[in-house]
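below are the sequence and a predicted model for it; my questions follow.
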Amino acid sequence: MARIDKIRNIGIAAHIDAGKTTVTERILYVTGKTHKLGEVHEGTAVMDWMDQEQDRGITITSAATNCDWRKHTVTIIDTPGHVDFTAEVERSLRVLDGMVAVFCAVGGVEPQSETVWHQADRYQVPRVVFVNKMDRLGSDFANVVRQLEDKLKAVPVPIQLPIGSESDFSGVVDLIAGKALYWDDEEKLDFRAAEIPETLRAEASAARQRLWEAVAEGDDELLELFLEGEALPDERVVAVLRKMTIANKLVPVLCGSGLKNKGIQPLLEAVIDYLPSPAEVPPVTGVHPETGAVIERQAKNNEPLTALLFKVAMMEGRRLVFLRLYSGTVSAGEEIFNPRLKKKEKVARLFQMQSHKKNRIEKAVAGDIVVAMGIKSFATGDTLCQAAEPIILPGMEFTNPVISAAIEPQRNSDLDKLWDSLAKLADEDPTFRMKMDDDTGQVVISGMGELHLEIIHERLRQEFNLESNLGKPQVLYQETVTRTAQETAEFERIDEEEKERQFARLTIAAAPLARGTGNQVVWAEGAGEILSEALRETVVEGLYEVLSSGPVQGYPLVDVELKIVGVEGETGDFTKVALKVAAANAARQALAAAAPALLEPIMETEITVPEENLGDVIGELNSRGGKIIEIDSQDIISRVTADVPLQRLFGYTTALRSATKGRGSFAMKSSRYDTMV
């Protein structure tokens, strides 16, 4: 069991095709965790264990593994790069202490890498950057460093320089040690140290001065030496660089080529040297579930148990939950408490994961990321603790689905099996939803994109042995109102036998709120004074139910305020049914009168195309209702950033390939909802 200061919990994240999984495979090989190099393009990567990942050559689900380096235990989570699976990145970053951000030396800062970077900003995760694919045609290390500054507003500090580029890339200059590192045999990961080549000495000296200047800003002693023109001691440079990286004041930048086995050992050294242990990140804070008092827990084994359930996965028919222990310990067979459900469940078994392989352990300690079996009802985002020492940690926010499709089993007798299987997949994935359409009787599934729904469809067949038909994808719209309206409705029912009367008359006003505010139900001053607290809650509950289905096409309403303006009737006639029905009818009438509008998802789309096809691509985007935001031309390649309605992007992959003879590519991410024109 590693000491807490010898633990590193890191994620490897980037845009799709930047080479994260390849880099992870090399790390596992170098550390002796695997004895054969797995390749993404051959479907043999250890971390891409799902059939769909091996078939498509992409990472779909975040996979955890651990390895040892320099007497440290490194837990690695390899995250997806495709925008449809951004939830996997979100929940991984929530529980990690550090991140290796991988950038393609040709593509630089691409849309999904930008999204991941800002996710890491939100959770204040320290980072090191690895510029991969230095052997590729068009690789440009300096350009990637510039983009880190310009696009991400980061403070990149190169601690290496590449020796050569493209097919001539042969190694790196270690700016701190003042040595050149060469990987002579592309089939092996062995390297040798040598003197810096004559042709690079001036550039390396200037880069080392910039490194010293950046580090000197974080330490008075080094600043004094730097201003006096003295050489800065290597050990002190590393120590201060570590301190500034953990404080998110700068980002060390390294380079290499995962596919050609170059640069992996120095990257591992950087993980140990510059990224924090669980003891070096701020103590986790939460609230007491009863009193609301703020509670702080240190990353120590003798503190009360504090763990976050950040992922649920179905493997071989068993429900596994991924836990990050922030404090305390947990053992197999122990009961743990969920303050949200006010319920205890027993941890039957504990495992450390090696991708999809489970290594059984008896106990987990502070700082560990482990998997538990036997927990049936706890969900993603739940805090697990001791009943006597309850705490609730901040949860996780996930993007709402933007696309849906009907799905049906090929045999009617499999309908119950379909529903149960989809429920298990929804348990795993917070961005996947399912419902029964009341009008058509069909099962409708919703997700983050076409690929997301295709993967769900394939998993039903491969994991649940269930053949199904997936309908044509449909955009998930939203609704809102554009002006204020007020309506009154009443409910009356008289029971002749019981001589009882139920009556309520309510006046409800509907009004638009600023985009992104969310929905609100409020009381006008004095409006609910004649009602008990329980009846007031009934009215509010009924109005929130109304907001789940809008007057235009039945899509959920967003950014709407419903105000209860008045309640009329005799106190003895008020019942929950009367109040709820009258409020709902008045609200529906007010919403219909408040100029309701349909909102459609707008996608921020980045298209990479050869320069000669730029005009055709812009014309195609304009015809799809796209709004060009930026055009960035770089030699023979241009990047176009545009906002495009999701509905108009169906089939765009085919159109782009046709217009660019297969050389164009695009990526998109959800930007916002906007009024449909």
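Good, I have the coordinates. Numbering: from 1, shown residues only.

which helix or strand in this protein has the lowest average pLDDT?
Least confident helix or strand, the chain: helix 51-56 with a mean of 46, by mean pLDDT, DSSP states H and E.

same question for the next helix or strand after it, mean pLDDT?
Using DSSP states H and E, the helix or strand that directly follows helix 51-56 along the chain is strand 63-69. The pLDDT scores in strand 63-69 average 83.

and for the helix or strand just after strand 63-69, what's in contact with it?
Sequence-wise, the next helix or strand downstream of strand 63-69 (DSSP H and E) is strand 72-78. Here strand 72-78 makes contact (Cβ atoms under 8 Å, 6 or more residues apart in numbering) with 2, 6-12, 20-21, 24, 27, 31, 47, 59, 62-68, 92, 96, 268, 271-272, 368-369. Glycine gets a C-beta too; all of them are placed from N, C-alpha and C.

selecting buried members of the residues you listed in PyMOL, what would you type?
Filtering the contacts of strand 72-78 down to the buried ones (16 or more other Cβ atoms under 10 Å) takes a single PyMOL command:
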select buried, resi 2+6+7+8+9+10+11+12+20+21+24+27+31+47+59+62+63+64+65+66+67+92+96+268+271+272+368+369
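
give me the number of residues near residue 482?
For residue 482, the count of nearby residues is 11 (other Cβ atoms under 10 Å).

am I right that it is in contact with residue 597?
Yes: counting by Cβ atoms under 8 Å, residue 597 is a contact partner of residue 482 at 5.3 Å.

can you list residues touching both of these two?
With Cβ under 8 Å, 6+ apart, residue 482 and residue 597 have common neighbours residue 675.

before we move on, back to that, next step: the contacts of strand 72-78 restricted to helices.
Members of the contacts of strand 72-78 lying in helices (criterion: DSSP state H): 20-21, 24, 27, 92, 268, 271-272.

other SSEs contacting the one helix or strand residue 148 maps to?
According to DSSP H and E, residue 148 maps onto helix 141-150. Where contact means 3 or more Cβ pairs under 8 Å, 6 or more residues apart in numbering; DSSP states H and E, helix 141-150 is packed against strand 127-132, strand 156-158, strand 251-255.

show me what the shortest one pairs with in its sheet, parallel or antiparallel.
In other words, strand 156-158. strand 251-255 (parallel) (DSSP bridges).

so the partner strand versus strand 127-132, what angle?
If you take axes from the mean of the first three to the mean of the last three Cα atoms, to 10 degrees, strand 251-255 sits at 20 degrees to strand 127-132.

tell me the buried residues in stretch 397-414?
By neighbour count on 16+ other Cβ under 10 Å, the buried set for stretch 397-414 is 398, 401-409, 414.

what's the span of it, first residue to last?
Using Cα to Cα, to the nearest Å, the end-to-end distance of stretch 397-414 comes to 34 Å.

ok now that stretch, how far from the chain's centre?
Stretch 397-414 has its C-alpha centroid displaced from the chain centroid by 21 Å (Cα atoms, centre = their mean, to the nearest Å).

redo the ones in helices among the contacts of strand 72-78 as JSON lines? Include pLDDT and distance to residue 236.
Listed next are those as JSON lines, based on pLDDT from 0 to 100; distance: Cβ to Cβ, whole Å:
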{"residue": "20", "pLDDT": "81", "distance to residue 236": "32"}
{"residue": "21", "pLDDT": "80", "distance to residue 236": "36"}
{"residue": "24", "pLDDT": "85", "distance to residue 236": "32"}
{"residue": "27", "pLDDT": "88", "distance to residue 236": "28"}
{"residue": "92", "pLDDT": "80", "distance to residue 236": "33"}
{"residue": "268", "pLDDT": "95", "distance to residue 236": "22"}
{"residue": "271", "pLDDT": "97", "distance to residue 236": "20"}
{"residue": "272", "pLDDT": "97", "distance to residue 236": "17"}
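
isn't residue 556 right up against residue 478?
Yes: between residue 556 and residue 478 a contact is recorded at 5.8 Å, counting by Cβ under 8 Å.

which residues do these two both contact?
residue 550.

so between the two, which is more surrounded?
Between residue 556 and residue 478, residue 478 has the larger neighbour count (other Cβ under 10 Å), namely 20 against 17.

tell me which residues touch the closest residue to that one other than its chain neighbours, please.
For residue 478, ignoring the flanking residues on the chain, the nearest one in space by Cβ to Cβ, 6 or more residues apart in numbering is residue 599 at 4.3 Å. By Cβ under 8 Å, 6+ apart, residue 599 lies in contact with 477-480, 558, 673-676.

helices of the stretch 301-450 of the chain, start to end?
Assigned by DSSP state H, counting those that start in this stretch, the stretch 301-450 of the chain shows helices spanning 415-428, 450-464.

buried sites along the longest one?
What that stands for is helix 450-464. Buried residues in helix 450-464, counting neighbours by 16+ other Cβ under 10 Å, are found at 451-460, 463-464.

that helix vs helix 415-428, what angle?
Going by the same axes, to 10 degrees, helix 450-464 is angled at 120 degrees with respect to helix 415-428.

how far out from the middle of the chain is helix 450-464?
The chain centroid and the centroid of helix 450-464 are separated by 20 Å, computed with Cα atoms, centre = their mean.
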